[in-house]
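[1] attaching a predicted model along with its sequence, questions to come.
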Amino acid sequence: MNYFDYKDDHLKSEDIFITNITKEVHTPFYCYSAKGLKTNFNILKDAFKDIDTKICYATKSNSNLSILKLLQEEGAGADVVSVGELKKSLIANIDPKNIVFSGVGKTKDEIEYAIVNRIFQINAESISELYVINKIAKELGVVQQVGIRINPDIIGETHKNISTGGLSDKFGIPYSEVKSLYHDKESFKNIELSGIAFHIGSQIHDIEPFRNVFIKTNDLIKEINKSEKIIKTIDLGGGFGVDYEDNHREFPIQEYANLVKNSFDTKNFQFIIEPGRSISWNTGILVTKILYIKKHGEKKFIITDCGMNDLMRPALYDSYHKILPLSKTIDSEIISTDIVGPICESTDKLFSSEEFYDVKEGEFLAILNSGAYGSSMSSNYNARPLVSEILINEDNFTTIRKLQSFEDSIAQEIK
Ligand code: LLP
């Protein structure tokens, strides 16, 4: 599915030519398609329509309030990993009953805030955390629903930096240790330990590791629920792979949903999924202006006004983002080309290819598939401001985050 495509050689999304936005908005800026976000969310909703499932959007992939609000209106819950993400989800009107809180290092204050706000489930990732949640719930005089995130020791094939399901990864409680915890009602009187959760990594294309983790988890649930139904909620995590390289590797979401049906007794459990990237990735681009073009011998450098502080993914994971000119020139040049940013680091390289369009200084480029883990991972490195964000909705576009002013970026610093 393409939400940004050429019409008469000009890049367009919904009814808006992106070049028209550059006439009003300073580059670099992120630009999203409302239709894209809704469509991607509803593809997942549709695949899971026969299964009692909360779709808790992984807000870490893009937590702009307007995007959270738009997804909430489509029926999304939220998967949050910090009190900040939790507060943003609540501001966006996401029902606390549809919020799960994951993460290995929740502070006492974060746990207290989650319990006071009656969120659906806290996913505990260590035995110590279970004791802390129980203690805080006791002090508040409530019983909090909790899931245990298991570490299944199953690795999905992905970049090593976004794999989470192995025992050498910091996530979850080892599979072998969790059974006794579910039966330890004496230690956890203020916890309703009725959830089990896992997330084996991100950007997983193959269904096989999911099959393996489903089988392993289902066996565990059967053992735990033998004499009494303790586990009622199964959180399947996120991680559905997306196609950054146009090689038609779409994640088989319907096959995945069928696998859930075939692997678990779906009539007797409630499910949670935590998709992030598969909702937001291709619904956003980063628009940048070409500042300079230079050659070092046979190597061409296109220097843009956006850098690794705006989009970390290429520097951090060597990830590929297709780059297109906003206005297409017919010619492409066969020459080794690096598209780089202004940051003083050699890793500030957005793209590298043996061929690229014959673009000129002052023209604009779109870095595609930047909707997930783009803006949400950006920083003020090199004392650069956080850029603005634009949302296209049919034939109009609105600013959903203003360009950070220099004064705002230094407001917390003491002279
Ligand atoms: N649930 C949990 C517990 C997670 O840790 C994550 C992602 C998700 C859900 C959502 O995964 P998704 O559906 O988006 O794959 N910054 C990296 C990705 C890090 C993912 C971290 N956890 C990147 O840019 O590729």
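    Cool, got the structure.
[2] for the helix or strand hosting S66, buried residues please.
    Taking DSSP states H and E as the criterion, S66 maps to helix 65-74. Residues of helix 65-74 classed as buried: 66-72, 74 (neighbour count, 16 or more other Cβ atoms under 10 Å). (Each C-beta comes from the backbone N, C-alpha and C, glycine too.)
[3] near the ligand, anything from that helix?
    No: Helix 65-74 is not in contact with the ligand by Cβ under 6 Å from any ligand atom; minimum separation 13.5 Å.
[4] which neighbouring elements make contact with that helix?
    Other helices and strands packing on helix 65-74, by 3 or more Cβ pairs under 8 Å, 6 or more residues apart in numbering; DSSP states H and E, are helix 34-47, helix 83-91, strand 388-393, strand 396-401.
[5] now with 7 Å?
    In terms of contacts (3 or more Cβ pairs under 7 Å, 6 or more residues apart in numbering; DSSP states H and E), helix 65-74 is packed against helix 34-47, helix 83-91.
[6] can you tell if the helix or strand that the shortest one is followed by touches the ligand?
    This means helix 83-91. Counting by DSSP H and E, the next helix or strand C-terminal to helix 83-91 is strand 99-101. No: applying Cβ under 6 Å from any ligand atom, one finds strand 99-101 out of contact with the ligand, separated by at least 8.7 Å.
[7] the next helix or strand after strand 99-101: how far from the chain's middle?
    Once the chain leaves strand 99-101, the next helix or strand it forms, by DSSP H and E, is helix 108-116. Centre-to-centre, helix 108-116 and its host chain are 23 Å apart (Cα atoms, centre = their mean, to the nearest Å).
[8] where do the helices of this protein begin and end?
    Ranges of helices within the chain are 18-22, 34-47, 65-74, 83-91, 108-116, 127-140, 178-183, 208-224, 253-263, 277-280, 313-317, 406-409, based on DSSP state H.
[9] take the ones you listed and write them to CSV, including distance to V242 and mean pLDDT.
    Shown next, in CSV, are these (distance: least, Cβ to Cβ, whole Å; pLDDT from 0 to 100):
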stretch, distance to V242, mean pLDDT
helix 18-22, 21, 98
helix 34-47, 9, 98
helix 65-74, 17, 98
helix 83-91, 21, 98
helix 108-116, 29, 98
helix 127-140, 31, 98
helix 178-183, 31, 94
helix 208-224, 15, 95
helix 253-263, 11, 97
helix 277-280, 6, 98
helix 313-317, 12, 96
helix 406-409, 32, 97
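[10] pick the most buried one from those.
    helix 277-280 (a mean of 29; mean count of other Cβ atoms under 10 Å).
[11] packing partners of that helix?
    Using 3+ Cβ pairs under 7 Å, 6+ apart: helix 277-280 touches helix 34-47.
[12] the closest residue in space to S278 that isn't next to it in sequence: neighbouring residues, count only.
    In space, and not counting its chain neighbours, S278 is closest to F240: 4.2 Å by Cβ to Cβ, 6 or more residues apart in numbering. Taking other Cβ atoms under 10 Å as the criterion, the count of residues near F240 is 24.
[13] for F240, give the beta-bridge partners.
    I204 (DSSP bridges).
[14] pretty sure T217 is touching G195, no?
    No: T217 is beyond contact range of G195, at 11.7 Å (criterion: Cβ atoms under 7 Å).
[15] hang on, the earlier thing: distance to K7 added to the helices of the chain, as CSV?
    CSV is the format used below for these (distance: least, Cβ to Cβ, whole Å):
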stretch, distance to K7
helix 18-22, 11
helix 34-47, 15
helix 65-74, 24
helix 83-91, 34
helix 108-116, 46
helix 127-140, 52
helix 178-183, 53
helix 208-224, 38
helix 253-263, 28
helix 277-280, 23
helix 313-317, 27
helix 406-409, 37
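[16] nearest to K54, out of those helices?
    helix 34-47 (10.8 Å; Cβ to Cβ).
[17] so which elements touch that closest one?
    Counting by 3+ Cβ pairs under 7 Å, 6+ apart, helix 34-47 packs on helix 65-74, helix 253-263, helix 277-280, strand 388-393.
[18] could you give the angle of that helix to strand 396-401?
    80 degrees (axes from the mean of the first three to the mean of the last three Cα atoms, to 10 degrees).
[19] where does the chain have low pLDDT?
    Scanning the chain for pLDDT under 70 picks out 156-160, 162-163.
[20] alright, that wraps it up for me.
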